[in-house]
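J.: Quick one, structure for this:
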Amino acid sequence: MRFLKLILTYFIWTILSLLLGIGYMRLVLGPNDVSEEGMWYLLHLFYDMGLFHVGVWIGVAIASCFILLDVFFLRKKLKNNPKKTTIQLLTLLAITVIVASVHYILEKVIDVI
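T.: Okay, the predicted model is just below:
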C-alpha cells in the first residue's frame, strides 16, 4: 500500500510538472492569434502541436529533476515536517524557473535550439 501511495504521489507531481511545462511554452509562444478559417487552419494547428510537444518535453525535464531531487534529498530531509507539500511545491517551481532559464539561454542566447 505504501508503494502504491508513493507511485500515485509521483504521478500527481509529474502531471503538475507537465502542466507547468505547457504553461511555460504558452508564455514563450504567446496567444494564438491565427484564424481557424481556411488556409490559416494549418498554421493554427501547428501552433497547438508545437505548444503541446515542446511543453511536454520541458515538463518531462522538470519532472525528472524534481523526482530525482525528491527521492535522493527531500524525502529524507522532510520526513516529519508539517510543511512538506509546500516545500515540495516551492522546489518544483524553482526547478521550473531553472529549466525555463536554461531553455531560454539555449534558444535565444546561444541559438542551439
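J.: In this structure residue 47 contacts residue 34, no?
T.: Yes - Residue 47 is within contact range of residue 34, at 6.3 Å (criterion: C-beta atoms under 8 Å). In this view, the C-beta of every residue, glycine as well, is placed from N, C-alpha and C.
J.: Can you pull the residues that touch both of these two?
T.: Here residue 47 and residue 34 share no contacting residue, scored by C-beta atoms under 8 Å, 6 or more residues apart in numbering.
J.: how close does residue 103 sit to residue 24?
T.: To residue 24, residue 103 is 8 Å away according to C-beta to C-beta, to the nearest Å.
J.: which residues do these two both contact?
T.: Joint contacts of residue 103 and residue 24 (C-beta under 8 Å, 6+ apart) are residue 58.
J.: Can you give me the neighbour number for residue 83?
T.: For residue 83, the count of nearby residues is 10 (other C-beta atoms under 10 Å).
J.: buried stuff in the helix or strand of the chain with the lowest mean pLDDT?
T.: Using mean pLDDT, DSSP states H and E, the weakest-scoring helix or strand in the chain turns out to be helix 75-77, at a mean of 88. Neighbour-count burial for helix 75-77, counted by 16 or more other C-beta atoms under 10 Å, picks out no residue.
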